[in-house]
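1. dropping a prediction and its sequence here:
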Amino acid sequence: MRSDLQWAVTDGPEGTHAVVLPEDELGARRLSAHYRGRFWCSTAAGGCGGQLVLAAGLDSFRHRDANARCRFTVAGSAAGRAYDHLRYEPALAAWLAAERYQPRLRRVPGPAGGVDLQVVVDEVDAVLEVRLSPLSDAGWRERDEADRRRHRHVAWFYGPGAEEAAATEAAVRGVSLELRRQNRGLVVGVRDADDRTRWVRLAACRLTADGFTAPGLEEARAAHRRRTSERREAARRAARHAAPPRTGRWEQLPFPA
C-alpha cells in the first residue's frame, strides 16, 4: 500500500531537522542532491528511525527496508501533523540557548496525531506552551490554571492550528502570542484585542526573571488595561444614573403643625 510519505529528517534516526518533499520533480531532485539522499523516518516524530529513500516517481519517500514496521508505512499522510513540531523545536532550543538557559522540553501528544511542545525554564521558573493543534476554551483555561499553579511565569504561543485558543487568550487578557516559521527561524505575532498582529523575530524577544517580553507586548497589555478601566468606569456611571435618588429619613416625616 502506498504511504504518500512526504516528510523526513536529514540528521539521523532521532533527528529533528525536518524537511518536506517539494511537489515538483525538479525540487525533489534538488532536495535529494543537497542532502546526498540521506533521509530518515524520525523517532522524534513517532517514526521507526529507518532510512528513507525517494520513491521511483519522486513524489514521496519510502522506507529502504520494504518490510519496515512503521506507523507511517500505511499512513504517511499523518506524518505532516507528527513532524510539524520538529520545525519549531530546534529554533526554540537555539533561542533559549542564546539566552543562556537549559530548558526541559516535553512533547505533548495532541489530537489527530499532532504534537505540542511544553518548555520549562527552571532558571526563571517559566513554562512556555507551544500549541500547534486545536484546543477548546475549557481545555485552555484548565491547562493555563494548572501551569500558573506550578510556575511563576506562563507564556502561550499559538501555531497555525490553534487560532481558537489564541482568540480565547486575546479576549481574556487583551493579547496573545502567535508563532510561525520563517525560513529556518521563527517569528512571534503580538495579537491585541482588536485582532491586530505585530510580527517580530523570536531573536528580538527575551525571557527574563520578569517573564517573556516582545516588542509591542507591553503596549498591547497597557491598552487592554486602559480599555478595561474605562469600561468599568462607564458601567459605574451608568449604574449611578439608573439608580433612584436616595431620600433622607427626615424628608419622609411630616413637618410639625
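-> Received, thanks. Residues are numbered from 1 along each chain as shown.
2. break down the chain into its helices, ranges please.
-> With helices called from DSSP state H, the chain shows them at 25-34, 79-83, 89-98, 137-150, 163-173, 217-242, 249-252.
3. with distance to Val127, mean neighbour count and mean pLDDT as added columns, please give those helices in TSV.
-> From N, CA and C alone the C-beta is placed, and that goes for glycine too. Formatted as TSV, the helices of the chain follow (distance: least, C-beta to C-beta, whole Å; neighbours: other C-beta atoms under 10 Å; pLDDT from 0 to 100):
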stretch	distance to Val127	mean neighbour count	mean pLDDT
helix 25-34	36	13	96
helix 79-83	23	23	88
helix 89-98	12	17	94
helix 137-150	5	14	94
helix 163-173	15	18	89
helix 217-242	17	12	77
helix 249-252	58	6	50
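4. including distance to Leu105, could those helices go into JSON lines?
-> What follows is those, written out as JSON lines (distance: least, C-beta to C-beta, whole Å):
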{"stretch": "helix 25-34", "distance to Leu105": "27"}
{"stretch": "helix 79-83", "distance to Leu105": "16"}
{"stretch": "helix 89-98", "distance to Leu105": "7"}
{"stretch": "helix 137-150", "distance to Leu105": "15"}
{"stretch": "helix 163-173", "distance to Leu105": "20"}
{"stretch": "helix 217-242", "distance to Leu105": "23"}
{"stretch": "helix 249-252", "distance to Leu105": "69"}
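5. mind checking which of those is nearest Gly211?
-> Closest approach to Gly211 among the helices of the chain is made by helix 217-242 (9.7 Å; C-beta to C-beta).
6. coming back round to it: what's the closest of the helices of the chain to Ala45?
-> helix 79-83 (4.4 Å).
7. what is that closest one packed up against?
-> strand 7-9, strand 18-20 (3 or more C-beta pairs under 8 Å, 6 or more residues apart in numbering; DSSP states H and E).
8. residues in contact with it?
-> 5-7, 9, 18, 20, 42, 45-47, 72, 110, 112-115, 133 (C-beta atoms under 8 Å, 6 or more residues apart in numbering).
9. filter those residues to the buried ones?
-> Buried residues within the contacts of helix 79-83, counting neighbours by 16 or more other C-beta atoms under 10 Å: 5-7, 9, 18, 42, 45-47, 72, 110, 113-115, 133.
10. could you find the lowest-pLDDT member of the residues you listed?
-> Lowest pLDDT of the buried ones among the contacts of helix 79-83: Gly113, 80.
11. quick one, what contacts that residue?
-> Gly46, Ala78, Arg81, Ala82.
12. same thing with Arg29?
-> Here Arg29 is in contact with Leu58 (criterion: C-beta under 8 Å, 6+ apart).
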